[in-house]
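Q: sequence first, predicted model second:
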Amino acid sequence: MSVRLLLAFAPFLFFPYAHATVDCANANDQATMNQCAGQAFKAADKELNTLYQQITGRLKDNPDAKKLLVNSQRAWVSFRDAECKFSASGVAGGSVYPLVYSSCLTAVTKARVEALKQYLQCEEGDMSCPIPGA
């Protein structure tokens, strides 16, 4: 068997159920709950990235504001990661750590999503809003 073929199928060799659909509403073991928490974070992060791209698109004619947004987002990511490491530190090393950490990431990310949504809803003439209307 070639190395490339082996590498292509490696995830299925080690995680035979990786392609299976997980019923997160009825998760009853720690591994599944951890997986579901990770999926929830990925969904929140995807929404965040979509909104971020919309905002950067609106700032295409304002490089100074765009730079401020980029700096703000980088600082926010650092805060999010540090906050969630601290939040989950009480269970560090335990099997529940991925669940607690991912749940924190999801909650903090959803809060940022709501903040970005507010920026996208600014009305024309709102001087307190850094994002121009669509």
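A: Nice, I can see it.

Q: longest helix of the protein?
A: Longest helix in the chain, counting residues (DSSP state H): helix 30-58.

Q: okay, angle between the very next helix or strand once past it and helix 30-58 too, please.
A: Downstream of helix 30-58, the next assigned helix or strand under DSSP states H and E is helix 63-87. Angle of helix 63-87 versus helix 30-58, following axes from the mean of the first three to the mean of the last three CA atoms, to 10 degrees, is 170 degrees.

Q: okay, now the unreliable bits of this structure?
A: Along the chain, segments meeting pLDDT under 70 span 1-20, 134.

Q: gap between residue 41 and residue 84?
A: Separation of residue 41 from residue 84 (CB to CB, to the nearest Å): 10 Å. The way it works is simple: take the backbone N, C-alpha and C, and place the C-beta from them, glycine included.

Q: mutual contacts of the two, please.
A: Residues touching both residue 41 and residue 84 (CB atoms under 8 Å, 6 or more residues apart in numbering) are residue 105.

Q: on that earlier part again, can you point out the buried residues in the longest helix of the chain?
A: Buried positions in helix 30-58, judged by neighbour count with 16 or more other CB atoms under 10 Å: 33-38, 40-41, 44-45, 47-48, 51-52, 54-55, 58.

Q: excluding chain neighbours, what is closest to the residue nearest to the spatial centre of the chain?
A: Geometric centre of the chain, nearest residue: residue 45, 2.4 Å, by CA atoms, centre = their mean. Nearest non-adjacent residue to residue 45, counting by CB to CB, 6 or more residues apart in numbering: residue 109, 5.8 Å away.

Q: what about the one you found, neighbour count?
A: Close neighbours of residue 109, defined as other CB atoms under 10 Å, add up to 24.

Q: again with residue 64
A: Counted with other CB under 10 Å, residue 64 comes out at 8.

Q: before we move on, which element is residue 133 in?
A: Using DSSP H and E, no helix or strand contains residue 133.

Q: quickly note the distance from it to residue 74.
A: Distance of residue 133 to residue 74, given as CB to CB: 26 Å.
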